[in-house]
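Asks: Sequence first, predicted coordinates after that:
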Amino acid sequence: MSKTKYIFVTGGVTSSLGKGIIAASLAKLLQERGYSVTIQKLDPYINIDPGTLNPYEHGECFVTDDGAETDLDLGHYERFLNIPTSQANNVTTGRIYQSVINKERKGEFLGKTVQIIPHITDEIKHRIQLLGNTGEYDIVITEIGGTVGDIESLPYIEAVRQMKWELGDDNALVIHLTLVPYLKAAGELKTKPTQHSVKILMQSGVSPDVLVCRTEHHLNDNIKRKLALFCNVQQESIIESIDAETIYDVPNLMLNEKLDLVVLNKLKLATDRKPALKEWNEFLKRHKNPKNTVEIGLIGKYVELHDAYKSITEAFIHAGAVNEVKVKVRWIHSESLTVENVPDKLKGLNGILVAPGFGGRGIEGKIDAVRYAREHKIPFLGICLGMQMAVIEFSRNVLGLSDANSTEMNAETKYPVINLMEAQKEVTNKGGTMRLGAWDCKIDKDSKVFEAYNTQQISERHRHRYEFNNDYKEQLAKAGMIATGINTETNLVEIIELKDHPWFVGVQYHPEYKSTVLKPHPLFVSFVKACLDNL
Ligand code: GLN
């Protein structure tokens, strides 16, 4: 008998119902009840990881401490649970097939015909149990990406069926997230799509134990009875998930609906300790009662899709709550900026954030925005590419190195103030080859960042190929741009600041990945405070 219990979350009817938020909210409640929980996401696409995906496809690529490039849902898991995830928390079909094919090449299948069942399904089961087998978790929640009925989800559903059968009802259960649409003309909520999606699940031999129903209107008893009867689910296991004002309300909504109780009873786990959500609710209270509003411009090239900057906007919410201010984001497309229109487009902003990114599109607009922030003494945070743009802007407009650039944008530049590390020059593969994951950094005591972090030793997550070129460090420092954070092992510059500016910080790493509800990121807290001071 296994010690760890498994919860599977599947989705029906449509995508975008918020499986990740439901999984994270349930995990939060179980955590508050004293269980150690982790969440895993299985993605049915063939990319090995989302690192090679354009942000327009799937939104932000989230990075873990161990350097995995993962689905943005892992960001939600970390923000809700306040514990780090790792490579094991995100698995794609590509990765599953890659490891099965590697084993085949090594002869590990001893001459057998390699098939989806059992070889792919065994590999899926193995990946699910990896987390459970660490012995660290009482409960592992596995979210299956996609919607039931998709061809590509079938092996995952089959793996879930097998695991449920092998582990027994007390040790594994399935939550099916579905949509109960409201037909305005009929004035009614409709259960038929849910009935159909449960039927599809059942055709694969999986009967859901709990239905979580996304809805715009409350489900009355009648509807719940109907769903229970036709979907073969107990009535108390029909959980309403009504539209929420913020994703951070969902744990409380699920608590009211007793999702955690239903789950624990089915898994025969103790329910005596009640979820207090004390710190969580303190955060919510501050988040919902801001005393002020600051407006921050987010300059990026994927701004049409806000999900491309998910961790940044969530970090603003966490930092806003600490400062008791609402952070309003003005989305600004870097390609739309020119020297002429910058004063107009950035007018009235209390702070400017230049976002991460890859490639040359829109970078001149980013540089113009940096210049405006520097000259007008507007609080500025540059993240990764944003930091590199700050170095380029300063080199061009203060040092007078007119052609200064990153070799990513112009390999022939006379002044490569940002260039490729030696180790990166040989790399030709695109996937998983950047400087990734957690790296240490030592901070200068006499700096804005030290005031923010209040410690000299930090560790932050990276995802980039290009670096600050140390040949220009002295020249930049003399003119007022100081490297205030350094990786002492490699001597790579991780942070730059301006001396004569109220708050101007560029970081080569991604602070946004480490901001959680219970641990808002110090740099974001300090940046938002500077914006508030600039009201
Ligand atoms: N394109 C830049 C690099 O590779 C910055 C990457 C980023 O912003 N994450 O160094």
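Replies: Structure received. Numbering: from 1, shown residues only.

Asks: list the contacts for residue 93?
Replies: If you count contacts by Cβ atoms under 8 Å, 6 or more residues apart in numbering, residue 93 has them with 43-46, 152, 155. Quick note: C-beta positions are derived from backbone N, CA and C, even for glycine.

Asks: Now, these that are in helices?
Replies: Counted as lying in helices by DSSP state H, out of the contacts of residue 93, are residue 155.

Asks: which of the contacts of residue 93 are buried?
Replies: 43-45, 155 (16 or more other Cβ atoms under 10 Å).

Asks: Tell me where the stretch 101-250 of the chain has strands.
Replies: Per DSSP state E, counting those that start in this stretch, the stretch 101-250 of the chain carries strands over the ranges 139-144, 172-179, 182-183, 188-189, 210-215, 238-242.

Asks: Distance to the ligand added to the contacts of residue 93, as JSON lines?
Replies: Compiled in JSON lines, those are given as follows (distance: Cβ to the nearest ligand atom, whole Å):
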{"residue": "43", "distance to the ligand": "21"}
{"residue": "44", "distance to the ligand": "26"}
{"residue": "45", "distance to the ligand": "22"}
{"residue": "46", "distance to the ligand": "24"}
{"residue": "152", "distance to the ligand": "29"}
{"residue": "155", "distance to the ligand": "33"}
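
Asks: Next, format the contacts of residue 93 as a markdown table and append pLDDT and distance to residue 33.
Replies: As requested, the contacts of residue 93 are exported to a markdown table (pLDDT from 0 to 100; distance: Cβ to Cβ, whole Å):
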| residue | pLDDT | distance to residue 33 |
| --- | --- | --- |
| 43 | 95 | 29 |
| 44 | 95 | 31 |
| 45 | 94 | 34 |
| 46 | 95 | 38 |
| 152 | 95 | 35 |
| 155 | 97 | 33 |
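
Asks: circling back: with mean pLDDT and mean neighbour count added, can I get the strands of the stretch 101-250 of the chain in a markdown table?
Replies: Shown next, in a markdown table, are these (pLDDT from 0 to 100; neighbours: other Cβ atoms under 10 Å):
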| stretch | mean pLDDT | mean neighbour count |
| --- | --- | --- |
| strand 139-144 | 98 | 26 |
| strand 172-179 | 98 | 24 |
| strand 182-183 | 96 | 10 |
| strand 188-189 | 94 | 16 |
| strand 210-215 | 97 | 23 |
| strand 238-242 | 97 | 22 |
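
Asks: could you redo those strands as a markdown table and give each row distance to residue 32?
Replies: As requested, those are exported to a markdown table (distance: least, Cβ to Cβ, whole Å):
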| stretch | distance to residue 32 |
| --- | --- |
| strand 139-144 | 13 |
| strand 172-179 | 18 |
| strand 182-183 | 32 |
| strand 188-189 | 31 |
| strand 210-215 | 19 |
| strand 238-242 | 18 |
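
Asks: which residues touch residue 508?
Replies: Residue 508 touches 384, 387-388, 462, 464, 467-468, 492-495, counting by Cβ under 8 Å, 6+ apart.

Asks: What does the spatially most distant residue from the centre of the chain show for phi and psi?
Replies: The outermost residue of the chain, judged against the average C-alpha position, is residue 111 (41.5 Å), by Cα atoms, centre = their mean. Per-residue torsions, residue 111: phi 80, psi 0 (degrees, to the nearest 10).
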